Structures are given as C-alpha cells and as structure tokens.
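Undergrad: Structure, please.
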Amino acid sequence: MSTKILFISQAELPDFQSDMVFHGLRSIYGENCVDHKEMWYMYSDTKSKYWNSRVPNGGNSYGRGFTLYGRLPNISVDRSNLVQRIKNKEFDKIVYGSVHRCLDHFDEVVKHYSPENVVFIDGEDQTNIKEELLQFGIYRKRELVYSQSERLKPINFCIPKECIVDHVPEKTKEYGTVIPGDTTTYIFDKEDEYHQDYQKSYYGVTTKKGGWDCLRHYEIIMNGCFPYFPNLESCPKNTMTLFPKNLVLENNRSLEKNGLSINYKEETMRLLKYAKKYLTTEYTAKIIIENI
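TA: Below is the predicted model of the structure:
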C-alpha cells in the first residue's frame, strides 16, 4: 500500500520551499498526496489561465511563475472531510508546507499523530525557528544555523527533475544576463528565454539574498551553466547542505585566479549529474518522508 500524505498549506503563491516540497511529494505519491487546499498554480491546466488574474500584480509577481509552476497534472484528489480523516489516521504523514503561514488542523493533527509522522517546513530567510513546534514533529529549517534538537533538520531548495538539461549546451557569452540586485537586468517575461540565457552562458552570477538559499542557484545549474557565487565560503555548514559547495568553490577560485578552465565542460557535467541525483524536488520529498 502506498504512503498517504496530507499536505497542509495556505495554497497561495509564491512560497518556494513549500511549493518545491509539494511538487516532489505529488510527483512521487500521486493522488495519495492530498493538498488540503487546491494548489491551483502548480497544475498544468490552470497556471496559464489564472496566473495573471489571480496573482497579485499579475504576471510580474515575484518569480513570474518560472521553473516550479504549472508542471503537475491536475489529477482527481479527495479533499473532503479532512478533520474526520485526520482523526481516523487515514494519512501516514502530515506535512505542513510553511509553519509561518498555515497551521490548519493543528490541534487535531498533534492529538492523533506522533511526532515522527508530522513534518513542519520552515522555508523563511530568517534563522529563527518556532521552537514550540519541536515537541510535535520533525522541523525542517531552510536557513539552519545550528541544531539543538534531533528533530531540527535542514532542508534545501530544489528543482523539478524535468527541468535539468541532459548535456552542457554550446556557449556564446561569458555571463548570464541577470545580475542579482540589479533590477535593470530582470528583463525576462518568458520562461524559455530566461532558461536559454543561462544555457548560452558559461557562468551565472548568484549571491546570498535575504537568506543563503535561492532558486536562482539551482536554475543556473539545471541549465548547464556554472554558478559564480561570491562569498559562498561564508555559508553556514547546516544551510544549503545538499548544494555542491565544494565543486562551486573550487571552480570559482580557479576562475578568479586563472580564468575559464579548460575542463569547464567536464566540471559543468559533474554539476548536472549531481543535480539529477541530489537537487530534485523528488529527492527532497524522499528525505522528508523517510526522515533522512
């Protein structure tokens, strides 16, 4: 019998960490992963129809729906009578997509489920946590600085596996167009053009923003481009634990000292292979459900 999961979130976007986790869970478990509120923007048949009208500021909303959204088939899911189904322990795991935005059915969940079967996701930029939740479940923190509890564990940003290219594309430019912090470079309205720009570039500049983890890091890698990531060595060891820090640091130091490596294609291919194994939404979902 397949594992049954109840995914609880506010179902409003964008909420990258929550949406990444849901994408991975639904990709693996199908209809056995129930979004307690319909996450309409994740589905292929509704994104194009509703993105501009239902998202604040229309298509210019944060992230513009790139990479994560509109990729899942909108399958039939039973969202009825959830309170009773929680009481009946119909679900094997309860996953809260964002502890700061939605704790619906909390009282029922903690009454009927043991902590090892409840997962709290905290994808915020800030490093503080809701310590009061540690007694009720496994707490997955994105910007984790230290861990004082066996129930407090890291989580990474991640990407849909279908977005990762199979080879290193031919390059025509040194750096990608987008420069973090320079809004004049945020010129892409079409997702394909945004991805193609990285595919044509040897390097994509990325940096720490509000927090260390950022979807851009992964978008650069998935397009067969190498991240240029200043100050990555300062990233806390418990943050971005799956990100290939050593590979990126080694390459970037060589770039700054010697210029473009003659082994660039080989090094970038290593990143792609690593991404396909460890940086997908499905891998993150597996970590969460199996409590790795």
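Undergrad: And the most far-flung residue of the chain relative to its centre, how far from Y264?
TA: Distance from the C-alpha centroid of the chain, by CA atoms, centre = their mean, peaks at N258 (33.2 Å). Distance, N258 to Y264, using CB to CB, to the nearest Å: 12 Å. Every residue, glycine included, has its C-beta placed from N, CA and C.
Undergrad: Enumerate every residue touching Q17.
TA: By CB atoms under 8 Å, 6 or more residues apart in numbering, the residues touching Q17 are 97-98, 121-123, 142, 155, 157.
Undergrad: Just the pLDDT at it, thanks.
TA: Looking at Q17, its pLDDT reads 97.
Undergrad: In terms of helices and strands, where is it?
TA: Here Q17, judged by DSSP states H and E, is contained in helix 16-29.
Undergrad: Using PDB, write out every CA atom in that helix.
TA: Output in PDB follows, covering the C-alpha atoms of helix 16-29 (Å, rounded to 0.1, in the frame of the first residue of the first chain):
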ATOM      1  CA  PHE A  16       9.100  28.400  -2.900                       C
ATOM      2  CA  GLN A  17      10.100  25.900  -0.300                       C
ATOM      3  CA  SER A  18       6.600  24.800   0.300                       C
ATOM      4  CA  ASP A  19       5.800  24.600  -3.400                       C
ATOM      5  CA  MET A  20       9.000  22.600  -4.000                       C
ATOM      6  CA  VAL A  21       8.200  20.100  -1.400                       C
ATOM      7  CA  PHE A  22       4.600  19.600  -2.700                       C
ATOM      8  CA  HIS A  23       5.900  19.200  -6.300                       C
ATOM      9  CA  GLY A  24       8.200  16.400  -5.100                       C
ATOM     10  CA  LEU A  25       5.600  14.700  -3.000                       C
ATOM     11  CA  ARG A  26       2.900  14.800  -5.700                       C
ATOM     12  CA  SER A  27       5.400  13.600  -8.300                       C
ATOM     13  CA  ILE A  28       6.200  10.500  -6.200                       C
ATOM     14  CA  TYR A  29       2.900   9.700  -4.500                       C
END
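Undergrad: After that helix, heading C-terminal, what element do we hit next?
TA: As assigned by DSSP H and E, the chain's next helix or strand after helix 16-29 is strand 33-35.
Undergrad: Now find how far off-centre that following strand is within its chain.
TA: Distance of strand 33-35 from the chain centroid (CA atoms, centre = their mean, to the nearest Å) equals 17 Å.
Undergrad: Tell me which strands that strand pairs with, and in which orientation.
TA: strand 5-8 (parallel) (DSSP bridges).
Undergrad: Tell me the secondary structure at E170.
TA: Three-state call for E170 (DSSP: H, G, I helix; E, B strand; the rest coil): coil.
Undergrad: Identify the residues contacting it.
TA: Contact analysis of E170 by CB under 8 Å, 6+ apart lists K200.
Undergrad: Check L260 and give its pLDDT.
TA: So, for L260, pLDDT stands at 93.
Undergrad: How about it: what's its closest non-neighbour residue?
TA: Leaving aside its chain neighbours, L260 sits nearest to Y202 (6.4 Å; criterion: CB to CB, 6 or more residues apart in numbering).
Undergrad: The one you found contacts P169, doesn't it?
TA: No: assessed by CB atoms under 8 Å, Y202 is found out of contact with P169, at 10.4 Å.
Undergrad: what about the two, which has more around it?
TA: Y202 (21 against 16; other CB atoms under 10 Å).
Undergrad: Including secondary structure, pLDDT and distance to S76, could the contacts of Q17 go into CSV?
TA: Shown next, in CSV, are the contacts of Q17 (DSSP: H, G, I helix; E, B strand; the rest coil; pLDDT from 0 to 100; distance: CB to CB, whole Å):
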residue, secondary structure, pLDDT, distance to S76
G97, coil, 97, 21
S98, coil, 97, 25
I121, strand, 98, 25
D122, strand, 98, 31
G123, coil, 97, 28
R142, coil, 98, 32
I155, coil, 97, 29
F157, coil, 98, 30
